[in-house]
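K.L.:
pasting the sequence and the predicted model now:
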Amino acid sequence: MPCFSCGARQTDPVRGASPWKRGVRQETQVLICPDCQRTHDLDLDTCTACGSIALICRLGEVECRSCGAVRLAGSRPENPARPDGLADEVAAALDRVLGRLTSHA
């Protein structure tokens, strides 16, 4: 996956931690190259609880790696383009797939 901002591709990593970072933009997981990390206007999503940009997106959820807050993707109040009930539909689908016995109304 290339850098979402400049399109640069990762090269074979050297030993140690990767200098590339993950982020969430418009509720989609993105990679950020080291050069673009220096840019302060990346327009990344922020945690609604603590304001951090250290978010990860997986299985229909967005999790903050700073404070641990988790929300369903698509449940942001500032995103009116999502149809009503989508979060409930996603939750019900996850329940079915994961074998949960709870019901969502």
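P.N.:
On my side now, so go ahead. Predicted model only: the values in this text are computed from it and were never measured.

K.L.:
where along this protein do the helices fall?
P.N.:
All helices of the chain, identified by DSSP state H, fall at 34-37, 86-98.

K.L.:
turn those into TSV, columns for distance to Arg15.
P.N.:
All C-beta spots, glycine's among them, are computed from the backbone N, C-alpha and C. As requested, those are arranged in TSV below (distance: least, C-beta to C-beta, whole Å):
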stretch	distance to Arg15
helix 34-37	16
helix 86-98	37
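
K.L.:
any low-confidence regions in the protein?
P.N.:
Low-confidence regions of the chain, defined here as pLDDT under 70, cover residues 75-86, 100-105.

K.L.:
so where do the strands sit in it?
P.N.:
21-25, 28-32, 55-58, 61-64, 70-72 (DSSP state E).

K.L.:
name the helices or strands packed onto the last one?
P.N.:
Secondary structure elements in contact with strand 70-72, counted by 3 or more C-beta pairs under 8 Å, 6 or more residues apart in numbering; DSSP states H and E, are strand 61-64, helix 86-98.

K.L.:
let's go with 6 Å and repeat that
P.N.:
strand 61-64 (3 or more C-beta pairs under 6 Å, 6 or more residues apart in numbering; DSSP states H and E).

K.L.:
direction included, what does the strand it packs on pair against?
P.N.:
Sheet pairing of strand 61-64 (DSSP bridges) gives strand 55-58 (antiparallel), strand 70-72 (antiparallel).

K.L.:
export the ones you listed as TSV, with columns for mean neighbour count and distance to Asp45.
P.N.:
Listed next are those as TSV, based on neighbours: other C-beta atoms under 10 Å; distance: least, C-beta to C-beta, whole Å:
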stretch	mean neighbour count	distance to Asp45
strand 55-58	16	6
strand 70-72	15	11
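
K.L.:
how about the ones you listed, which one is nearest Glu89?
P.N.:
strand 70-72 (10.2 Å; C-beta to C-beta).

K.L.:
now that closest one, how far from the centre of its chain.
P.N.:
In terms of C-alpha atoms, centre = their mean, to the nearest Å, the gap separating the centre of strand 70-72 from the centre of its chain is 10 Å.
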